[in-house]
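*Asks:* Sequence and predicted structure, then a few things I'm wondering about:
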Amino acid sequence: MNEQVDVVVVGLGPGGEYLAGTLAEAGLDVVGVEAELVGGECPYWGCVPSKMMIRAGNALAEARRVPALAGQAEVAPDWGRVAGRIRDEATDDWNDTAAADRLAAKGGRLVRGRGRLTGPRQVTVDGRGLEARRGVVLATGSRPRIPPVPGLAATPYWTNRDAMSAKELPASMLVLGGGAIGAEVAQVFARFTCRVTVVEGQARLLAQEEPEAGQLATEALRADGVTVLTGARVSQVAHDGAEFTVWLEGEAEPRHAERLLVATGRYSELAELGVEAAGLDPTARAVPTDGQMRAADGLWAVGDITGRGAFTHVSMYQAQIAVRDILGRPGPDADYRALPRVTFTDPEIAAVGLTERQARDRGLRVRTAVLPNASSTRGWIHGPGGEGFLKLVEDADRGVLVGATSAGPAGGELLSGLNVAVHAEVPVERLRHMIYTYPTFHRAMEAALAALR
Ligand SMILES: Cc1cc2nc3c(=O)[nH]c(=O)nc-3n(C[C@H](O)[C@H](O)[C@H](O)COP(=O)(O)OP(=O)(O)OC[C@H]3O[C@@H](n4cnc5c(N)ncnc54)[C@H](O)[C@@H]3O)c2cc1C
Ligand SMILES: NC(=O)c1ccc[n+]([C@@H]2O[C@H](COP(=O)([O-])OP(=O)(O)OC[C@H]3O[C@@H](n4cnc5c(N)ncnc54)[C@H](O)[C@@H]3O)[C@@H](O)[C@H]2O)c1
């Protein structure tokens, strides 16, 4: 006999934890099922520890800029401080008691174990059957995708989890994949004196973003001593118990490194989750949903599993929509036109909406402008560390911005105005007649708007 509840949330990452807590606070009988740690990837092995490392790496980098700006400063990097802060302040030594208590305080019930759909509105956790009157929410996130490189599977390669929990840094590391994780981790480790090589299969780093973003990321990483190889393919990997040997296509000699970090994207495992029990395709890459995050009758999905961008803010945004829908409250459909993202390298590389290429591929009549930070008063004043640019992508027929990239020391913060402009479709003509504070980085907007062609 299955236990009757109102809602079962499978997976308590950022989206699932929010859903379970909010629905419980609204008075529903909610069971949250979690196989590992309540909070998911983001607080324990993702966003939070990586940004804590980056904060530390940026402090070192700023200190190293002192001679050019202000005199002398000597820094002696100590990874122990970073690892300690991640252990004590961010992850409580990878212990989720506080998060589990938070859910309980809201009235939610936690069932630890791996959940599997066994029918519409039915979940089984280690033999325990749960029947959800209102329905089930799938929020099980994603896992590292390990490419089928010969030899790789048999080696002790690292994923983000090993890098985020490293007590000591290796002397050398090869990073497979130059996307968000690869770029962020490579720069931080290099700043803490690890010799890093990034091997990216595409023609540039951050391949999903504007070409200018990839170029800037490459220059920034190289300035920190990282070897960046693009358009590169690994043909074989071996490990002899002490170090990795990595063969690249077209190179006569293999490369050696103490560690190999695999950061080649993520995937969601649908077959293991039993999605066919709800009539869904277990071989699909993601769970398709409608605008209210419904995947089937009595089934919702949020977060990485929906394939709409692997970001915590997307998971939380979708969770808010699903909460409304489950509670029977009307609200707008999910809208991804102004999806913002920030790669927290130094400089930060932030973008919203479409890239120029994506806008052109959609058949839009596109006008663009690219303005290097150095051409603005603030960029020039900032000097070392001020590298970056502002790029605008306009749909010329509608006279609105459909995409933008802001890269620089505070590129992620600068994005907020651009995010509003793309989301609210503020006419470019109106943006041209705004007052932009002098001398900020965002004042470059005025010149960029004037330069749109
Ligand atoms: C190194 C790194 C840095 C990142 N930095 C950022 C960043 O700066 N900003 C940003 O927005 N995003 C960042 N991300 C991405 C972000 O972490 C994810 O997009 C986000 O965590 C996804 O949330 P989610 O709700 O889909 O679930 P997840 O966080 O993926 O959690 C899913 C949970 O479900 C559980 N689970 C899985 N299967 C089952 C099952 N069958 N039964 C029970 N439980 C199950 C898992 O144990 C996990 O706890 C980063 C990711 C990484 C790896
Ligand atoms: N700041 C942030 O918001 C942030 C930071 C880290 C991660 N994340 C999220 O986590 C997810 C995973 O990050 P990620 O960096 O693993 O994925 P990603 O998709 O950002 O980048 C993966 C990179 O690996 C490359 N690649 C794939 N196979 C390869 C191979 N065999 N050899 C060489 N290169 C190969 C791809 O071309 C791509 O550039 C991302 O989708 C991102 O949304 C976000």
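*Replies:* Ah, there it is. Ligands and ions are numbered 1, 2, ... in the order given.
*Asks:* L339 touches G353, doesn't it?
*Replies:* Yes - if you go by CB atoms under 8 Å, L339 and G353 touch, sitting 7.0 Å apart. C-betas here are computed from N, CA, C, even on glycine.
*Asks:* who's more crowded, these two?
*Replies:* Per other CB atoms under 10 Å, whichever of L339 and G353 has more neighbours is G353, with 23 against 20.
*Asks:* Who is that one paired with across the strands?
*Replies:* G403 (DSSP bridges).
*Asks:* List the residues that contact it.
*Replies:* When contacts are counted by CB atoms under 8 Å, 6 or more residues apart in numbering, G353 is found next to R337, A338, L339, V393, L401, V402, G403, A404, V422.
*Asks:* now do 6 Å
*Replies:* A338, V402, G403, V422 (CB atoms under 6 Å, 6 or more residues apart in numbering).
*Asks:* same thing with S50?
*Replies:* E184.
*Asks:* and if you look at A68?
*Replies:* P384.
*Asks:* Could you tell me whether it really is in a helix?
*Replies:* Yes - using DSSP: H, G, I helix; E, B strand; the rest coil, the assignment for A68 is a helix.
*Asks:* do the top strand by length along the chain and ligand 1 meet at all?
*Replies:* Using DSSP state E, we find that the single longest strand of the chain is strand 128-138. No - judged by CB under 6 Å from any ligand atom, strand 128-138 stays clear of ligand 1, getting no closer than 8.6 Å.
*Asks:* For this structure, give the residue positioned nearest to ligand 2.
*Replies:* G179 (1.8 Å; CB to the nearest ligand atom).
*Asks:* Number of residues surrounding that residue?
*Replies:* 21.
*Asks:* Check T289 too.
*Replies:* A count of nearby residues for T289, using other CB under 10 Å, gives 23.
*Asks:* How about the one 3 residues further on?
*Replies:* Per other CB under 10 Å, the neighbour tally for Q292 reads 17.
*Asks:* any idea of the pLDDT on it?
*Replies:* Per-residue pLDDT puts Q292 at 98.
*Asks:* Output stretch 125-143 as CSV, restricted to C-alpha atoms.
*Replies:* C-alpha atoms of stretch 125-143 as CSV (Å, rounded to 0.1, in the frame of the first residue of the first chain):
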residue,chain,number,x,y,z
VAL,A,125,12.3,5.2,-2.8
ASP,A,126,14.2,2.1,-1.7
GLY,A,127,11.0,0.0,-1.8
ARG,A,128,8.9,2.6,-0.1
GLY,A,129,5.9,3.7,-2.3
LEU,A,130,4.6,7.2,-2.3
GLU,A,131,1.4,8.3,-4.1
ALA,A,132,1.1,12.0,-4.7
ARG,A,133,-2.5,13.3,-5.0
ARG,A,134,-1.5,16.6,-6.7
GLY,A,135,1.5,15.2,-8.4
VAL,A,136,5.3,14.7,-8.6
VAL,A,137,8.0,17.2,-9.4
LEU,A,138,11.2,16.1,-11.0
ALA,A,139,14.1,18.3,-10.0
THR,A,140,17.0,15.8,-10.2
GLY,A,141,19.5,18.1,-11.9
SER,A,142,22.4,16.9,-14.0
ARG,A,143,25.8,15.0,-13.8
